[in-house]
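Need coordinates for the following:
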Amino acid sequence: MSDETIYQWKRNADDFLQCWPKNSKEFFLQPQASDSFFAEMQNSDLFFKPSRLMYDPLRERFVLNSGVVNIEKSFYQEREGVNFSHMGYVSDGELILKTENEEFLLTKGMFFCTAPFSHYVLQTDQNIWKGFWFHIEISPYMEMRMKSGSLIGKTDYLSQLEFSVDNYLQELRKEDMSYEILDAYAELIEVYIRHTLSKIADKSFAAFIAKIKRNPAMFASTDEAARSIGISRYELDKLCTKELGMSFAKYLLSEKMNLARKYSSRMCSPISIAKAIGFSDAASFSKAFKAYHNCTFEDFRKVNRYKDNKDFL
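All right, here's what the predicted structure looks like:
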């Protein structure tokens, strides 16, 4: 039987080979590069890719690419030396993962995460694979988690993650999609991925992070934050890198920008938002927002069609 009768898509390069069986479905959660194999493909019942986004909520959370799949038997994907970790979940069916030294059968409720730059094969044999996947950017957090090689296991968060992913996809497909809603689901996806890889064991640190999420303006500097929990600046950065994959300063900025996007639908003036998230004035906030998002605050509000409100809700 020829490849044409088995596969609807097939592509290969020096570092990968991918074959999608007939009637398989691939719904991307992020825009595809202009030089991608998928760039010219049209959306259909079996395929979806979002158009260019002004702001990619998943990319801001270290997810380089992602998708929802419903793959028929005889699927095959082989990669060599890619500079990301490939993470996937099985919500139904089975998936085989082959690494350089081992072979794993993943069933419903399981996840996998490959080590960066490793060689691996994903395939379906006589069963389907229904689930979703993420390409996770290399970071100190991921390097620490993956230093022993690929991770395989059961996840306690499958239903919650599936709900967030499905709703993210539904919002993407709307003509009047909301970046605010996408951002909310992206935040949940990030949390469930991180907790899948490693639950935060330090309850005091978890409580500290929860406070910052509620009020990122509470600390003006890393030194001030470190003193509040009785550790040094170095120790706080080390702990944040281990648990969150970034320095405290970067994490604090990400939470400020996250809150700014949420407040953008409820506040009229940039100065109000600036004060709420810990900036001294509107100019410094606007400059930071543009540097972080590659777009101005005003353009972000226009795209979301937010109306001015004079009250802080």
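
so how far is residue 300 from the residue nearest to residue 180 when sequence neighbours are not counted?
Here the nearest residue to residue 180 in space, its sequence neighbours aside, is residue 265; by CB to CB, 6 or more residues apart in numbering that works out to 5.6 Å. Any C-beta I mention is one placed from the backbone N, CA and C, and that applies to glycine too. Look at residue 265 and residue 300: by CB to CB, to the nearest Å, they are 10 Å apart.

where do the strands sit along the chain?
Using DSSP state E, the strands found in the chain span residues 7-13, 16-21, 25-28, 47-48, 63-71, 76-80, 84-98, 103-107, 110-113, 119-123, 129-137, 151-154.

who touches residue 138 in this structure?
83, 84, 85, 116 (CB atoms under 8 Å, 6 or more residues apart in numbering).

Ok, residue 278 next?
Contacts for residue 278 (CB under 8 Å, 6+ apart) come out as 216, 217, 218, 219, 220, 256.

for those residues, which one is nearest residue 232?
For residue 232, the nearest member of the contacts of residue 278 is residue 219. The distance, counting by CB to CB, is 14.8 Å.

Could you give the number of residues near the closest residue to residue 21 other than its chain neighbours?
With sequence-adjacent residues excluded and distances taken as CB to CB, 6+ apart, residue 21 is closest to residue 72, at 4.0 Å. The number of residues packed near residue 72 is 19, by other CB atoms under 10 Å.

Look up how far residue 91 lies from residue 72.
From residue 72 over to residue 91 the distance is 15 Å, taken as CB to CB.

Please apply the same query to residue 282.
Counting by CB to CB - residue 282 and residue 91 are separated by 45 Å.

same thing with residue 61?
Distance check for residue 61 against residue 91: by CB to CB, it reads 21 Å.

CA-only coordinates of stretch 112-129 in PDB, if you can.
Taking only C-alpha atoms (Å, rounded to 0.1, in the frame of the first residue of the first chain), the coordinates of stretch 112-129 have been written out as PDB:
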ATOM      1  CA  PHE A 112       5.300  12.500  28.300                       C
ATOM      2  CA  CYS A 113       8.000  15.200  28.000                       C
ATOM      3  CA  THR A 114      11.100  14.700  26.000                       C
ATOM      4  CA  ALA A 115      14.600  16.100  26.800                       C
ATOM      5  CA  PRO A 116      15.900  18.900  24.600                       C
ATOM      6  CA  PHE A 117      18.200  17.900  21.800                       C
ATOM      7  CA  SER A 118      17.300  14.200  22.200                       C
ATOM      8  CA  HIS A 119      16.200  11.600  19.600                       C
ATOM      9  CA  TYR A 120      12.700  10.300  20.000                       C
ATOM     10  CA  VAL A 121       9.900   8.700  18.000                       C
ATOM     11  CA  LEU A 122       6.100   9.000  18.600                       C
ATOM     12  CA  GLN A 123       3.700   6.600  16.900                       C
ATOM     13  CA  THR A 124       0.400   5.000  17.000                       C
ATOM     14  CA  ASP A 125       0.100   1.300  16.300                       C
ATOM     15  CA  GLN A 126      -3.400  -0.200  16.300                       C
ATOM     16  CA  ASN A 127      -5.100   2.500  18.200                       C
ATOM     17  CA  ILE A 128      -5.800   6.200  18.000                       C
ATOM     18  CA  TRP A 129      -4.200   9.000  20.000                       C
END
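
nearest spatial neighbour of residue 281, skipping sequence neighbours?
Once its chain neighbours are removed from consideration, residue 281 has its nearest residue in residue 274; the separation is 6.1 Å (CB to CB, 6+ apart).
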